[in-house]
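Peer 1: Have a look at this prediction, sequence included:
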Amino acid sequence: MNDQSLVTPAIRATLGIESKPYVFEVEKGDIVRYAAAIGDTNPRYADEAAARKGRLGGIVAPPTYLIVMRILEVAAFRDIRPDVQLTRSLDGGSEWRYFEPIRPGDRITATKKLVDAYERAGSLGRMLFLVSEITYLNQFDEVVVVQRDTAIYY
């Protein structure tokens, strides 16, 4: 590989540009099935009567619920994906910040933007790090979650 930066002008040009919004409805059945799939038996995720007695006043989604959106996000956020010339990649980790509970019936709007791009030397050569941020808003325009992901290309 040549000495040119992996952070190309085209990648720099995408920094801070927000994607088109992706909107989805949260269904109670999806929350219940997701909680069962991950083996979480907390009644706040599946038992309406018990959840109503809790401090949140009803069923809410488990904190990891939005991970199911990753498959949909690939297509939804295609409009801001930068052109990367490297062929191998791996997940560099995620950071999630939670602000409001996600409830059945919520209409969630997600937008994504590339917030950082940098390179580092690795044992197999130079690596490109792309950091993106997805903001999830509910129907009241309240931020429910901010997800920060790092993708590593080499």
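Peer 2: That came through, no problem.
Peer 1: rest of the way, CA atoms for contacts and neighbours
Peer 2: Noted.
Peer 1: burial of residue 55, as a residue count?
Peer 2: If you count neighbours by other C-alpha atoms under 10 Å, residue 55 ends up with 8.
Peer 1: Residue 17 reaches residue 114, doesn't it?
Peer 2: Yes. The criterion here is C-alpha atoms under 8 Å, and residue 17 meets it with residue 114 at 6.9 Å.
Peer 1: Please say which of the two ends up with more neighbours.
Peer 2: residue 114 (25 against 12).
Peer 1: one step back: got any residues that touch both of residue 17 and residue 114?
Peer 2: residue 80 (C-alpha atoms under 8 Å, 6 or more residues apart in numbering).
Peer 1: Other residues contacting the top strand by length along the chain?
Peer 2: Secondary structure of the chain per DSSP state E: the longest strand is strand 107-122. With C-alpha under 8 Å, 6+ apart as the test, strand 107-122 has contacts from 5-7, 11-12, 14-26, 77, 80, 126-139.
Peer 1: any idea of the angle the following helix or strand past that strand forms with strand 107-122?
Peer 2: Following strand 107-122 in sequence order, the next helix or strand is strand 125-137 (DSSP states H and E). Using axes from the mean of the first three to the mean of the last three C-alpha atoms, to 10 degrees, one finds that strand 125-137 and strand 107-122 are set 160 degrees apart in direction.
Peer 1: Can we start the residue count at 31 from this point?
Peer 2: In the new numbering, first residue 31, that becomes strand 155-167.
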